[in-house]
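Undergrad: pasting a predicted model and its sequence here:
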Amino acid sequence: MIPRMLEEYRKSIVPEMMKQFSLKNPNAVPRLEKIVVNMGVGEATQDVKILEKAMDEMAVITGQRPVMRRAKKAISNFKVRQKQPVGCVVTLRKHKMYEFLDRLINIAMPRIRDFRGVRDTSFDAAGNYTLGLTEQNIFPEIDADRITRAQGMDITFVIKGSASREQSKALLKFFGMPFKTSTKEGA
């Protein structure tokens with residue numbers, strides 16, 4: 001079964017992007033290559049069970065078992081030794097990626113308290129977009145009563161074939177990403 005967002009991309013987003021950016025070839029339209037969900041758990045240096053709980057919650061959220069990440073170097077100020085577990089990461093591709101994107105945009109983001117949109121300045125030079133969430137309980141798969149501590153995560157959308165940040169932003173906007181309206185601060 002084809003995910004709803006993938007079908008929408010093929011049928012409506014590709015023709016709209018071709019028209020908006022005057023692209024002649026549908027293969028020149030930017031597309032999502034992968035979504036990387038990263039969760040750093042600093043308290044895991046003291047208690048590994050906190051990391052295991054975070055990995056279980058991330059597996060429920062993404063539908064895929066995360067990989068444990070270990071420290072590359074020892075940092076004495078943070079009480080971190082080399083090769084000590086410090087976080088976990090999941091790389092989503094193909095159908096799972098589009099299903100996660102659909103749940104994130106249409107179900108999880110509207111559940112954020114006082115949500116006014118995401119920043120449109122978090123694009124890197126290659127056109128990839130990174131979004132930070134402060135709590136994992138915005139996802140309906142997580143039971144709020146069983147959470148011992150709030151845990152944030154970073155979500156990176158890797159966009160392939162993007163010639164500019166504008167094309168990447170337009171692609172995410174067509175998917176339904178709620179960007180903030182840019183207003184001058186202090187005015």
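TA: On my side now, so go ahead.
Undergrad: how close does Pro3 sit to Asp102?
TA: According to Cβ to Cβ, to the nearest Å, Pro3 and Asp102 sit 7 Å apart. For glycine as for every other residue, the C-beta is placed from the backbone atoms N, C-alpha and C.
Undergrad: please, which helix or strand holds Leu32?
TA: Per DSSP states H and E, Leu32 falls inside strand 31-40.
Undergrad: run through the neighbouring helices and strands of that strand.
TA: helix 48-62, strand 85-92, helix 94-103, strand 153-160 (3 or more Cβ pairs under 8 Å, 6 or more residues apart in numbering; DSSP states H and E).
Undergrad: mean pLDDT per helix and strand in this structure: which one sits at the bottom?
TA: Of all the helices and strands that make up the chain, strand 67-70 has the lowest average by mean pLDDT, DSSP states H and E, namely a mean of 80.
Undergrad: buried ones in that one?
TA: Buried residues in strand 67-70, counted by 16 or more other Cβ atoms under 10 Å: Arg69.
Undergrad: what do you get for stretch 54-74?
TA: 54-55, 57-58, 61-62, 64, 66, 69, 71.
Undergrad: that's a helix at Ala150, yeah?
TA: No. Under DSSP: H, G, I helix; E, B strand; the rest coil, Ala150 sits outside any helix and is assigned coil.
Undergrad: which ones are touching the residue nearest to it when sequence neighbours are not counted?
TA: Leaving aside its sequence neighbours, Ala150 sits nearest to Glu135 (Cβ to Cβ, 6 or more residues apart in numbering; 4.7 Å). Neighbouring residues of Glu135 by Cβ atoms under 8 Å, 6 or more residues apart in numbering: 150-152.
Undergrad: for Ile13, state which of the residues you listed is nearest.
TA: For the contacts of Glu135, the minimum distance to Ile13 (Cβ to Cβ) is 29.4 Å, reached by Gly152.
Undergrad: burial measure for that closest one, as a count.
TA: The tally of other residues near Gly152 (other Cβ atoms under 10 Å) stands at 13.
Undergrad: that one reaches Ile138, doesn't it?
TA: No. Look at Gly152 against Ile138 with Cβ atoms under 8 Å: they stay out of range, at 10.8 Å.
Undergrad: tell me what angle the strand holding Leu32 forms with strand 85-92.
TA: 160 degrees (axes from the mean of the first three to the mean of the last three Cα atoms, to 10 degrees).
Undergrad: mind checking pLDDT for Pro30?
TA: Pro30 carries a pLDDT score of 90 in this model.
Undergrad: number of residues surrounding the residue lying closest to it once chain neighbours are set aside?
TA: Computed as Cβ to Cβ, 6+ apart, the closest residue to Pro30 that is not its neighbour in sequence is Ser162, at 3.9 Å. Look at Ser162: counted by other Cβ under 10 Å, it has 22 neighbours.
Undergrad: residue contacts, Ser162?
TA: 30, 126-127, 168, 171.
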